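K.L.:
3D model of this:
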Amino acid sequence: MPNLPDVVLWSIPAFVLLTVVEMISVRIHPDEAAAGYEAKDAVTSVGMGLGSLLFDFLWKIPIVAIYTAIHELTPLRVPVLWWTLPLMLLAQDFFYYWSHRGHHVVRVLWACHVVHHSSEKFNLTTALRQPWTTLTVWPFYVPLIALGVHPAALAFCSSANLVYQFWIHTERIGKLPRWFEFVFNTPSHHRVHHASQGGYLDRNFGGILIVWDRLFGSFVPEADRPVYGLTKNIGTFNPVKVATHEYVAIARDLKAASGWRERAGRVFRGPGWQPASTAAAAPASAPASAPASASAPSSVEENATA
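P.N.:
Down below sits the predicted model:
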C-alpha cells in the first residue's frame, strides 16, 4: 500500500487563506441580502471543526479495526494505481451521496449531521462546522472495503471529498459555466442544500459530483435566494449544545413515547415524524411532520418513503 498524502492537513493553509479572502470580500463589497459573517457564529463553526478533529481521531480507532478485519477477510484487492485511484474517488463519492442522504432521512443519523446545518450563515467557516459523532458514517462504506479497497485508500478519497466541499460553502461565487454546474457540485447547488425553505429542503446531497442527485431525483437548481439554517433554529453558539441538541431531543421524545412502536419511529423514521395519533390531534394550522422537538426539515419524512 503506497503512502498517500493527508490532503486535509496539506489544505489547511488554503482554508485559512480563502477564508480571509472571503472575509475581506464581504467587507469591501457587502451584500445586504447575503448571510455574510457573524463573529460568534464563525467562532462556533471553527470550534466545531477543531472538536471534530479530536473526536474523529478517537472514532477512527474502532472504525479502522472493523475496516481492517473486513479487508483481511475479503479475497478481493484493488491496487492503488494511477488509473484505479480516480475510480475509487468516483465510488467513494457515490457512497457518500447515499450516506449524506441517509443522514437526512433517518433521525438518529440526522442527529449527527444536523450540526453542519445549524448555522444561519453560509460562508467558508460553515464548512468547518462538523459533527463530533461521526460513528454513524462508517457502515455506508463497508461495500467498498469488501470489494478490496484498502482502508487507507478510502481515507484518502474521503479526505479529498471533504477538501473539495470546502470551497462550495460561499455566497461570493455565483453560477459557474453550465457544463460544470451539470456535472459537479458547486456553491449554487450547495446553497440549495443548506436552505431551509420550501422545495429546497433535503436536496442536492452530492459531494464532488451533482450527477448523483440528477440520477436519483434529489436535484433542485438555485432560483430564490436561500434562507439558511434549520426549520426550527436552535439559537445557541454553545458548541456542546450544537453537537448534542438533537440527541437530547430524541431522548426527550423517547421518554414521552407511549410504546415501542413510537420509540422506534422517534429514532429511525424521519426527523419530522410523529405518530398518527399525535398528528391527528395537532391543530390544522400546524404541519404534522414538524413537532416542536424536531429541528430538521419537515419534508424529510416524504423523502424517506420516496
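
K.L.:
Check the spacing between Val163 and Pro75 real quick.
P.N.:
According to Cβ to Cβ, to the nearest Å, Val163 and Pro75 sit 32 Å apart. To be clear about C-beta, it is placed using only N, CA and C from the backbone, and glycine gets the same treatment.

K.L.:
Oops, could you answer that again for Leu124 instead?
P.N.:
Leu124 sits 44 Å away from Pro75, going by Cβ to Cβ.

K.L.:
between Val163 and Pro75, which one's more packed in?
P.N.:
For the pair Val163 and Pro75, the greater number of neighbours falls to Val163 (18 against 5), based on other Cβ atoms under 10 Å.

K.L.:
and the more buried one, what does it touch?
P.N.:
7-8, 11 (Cβ atoms under 8 Å, 6 or more residues apart in numbering).

K.L.:
same thing but at 6 Å, please
P.N.:
7, 11 (Cβ atoms under 6 Å, 6 or more residues apart in numbering).

K.L.:
for it, helix, strand, or coil?
P.N.:
Three-state assignment for Val163 (DSSP: H, G, I helix; E, B strand; the rest coil): helix.

K.L.:
From His116, how far out is it?
P.N.:
Counting by Cβ to Cβ - Val163 and His116 are separated by 15 Å.

K.L.:
Then Met23?
P.N.:
From Met23 to His116 the distance is 20 Å (Cβ to Cβ).

K.L.:
Could you do Gly206 as well?
P.N.:
15 Å.

K.L.:
Tell me which of those two has more neighbours.
P.N.:
For Gly206 versus His116, neighbours defined as other Cβ under 10 Å are more numerous around Gly206 (30 against 21).

K.L.:
give me the number of residues near Gly198?
P.N.:
Residues within reach of Gly198, counting by other Cβ under 10 Å, total 11.

K.L.:
Kindly report the same for Leu176.
P.N.:
13.

K.L.:
Show me what the longest helix anywhere in the chain packs onto, helices and strands only.
P.N.:
Longest helix in the chain, counting residues (DSSP state H): helix 39-73. Here helix 39-73 touches helix 142-146, helix 151-166, going by 3 or more Cβ pairs under 6 Å, 6 or more residues apart in numbering; DSSP states H and E.
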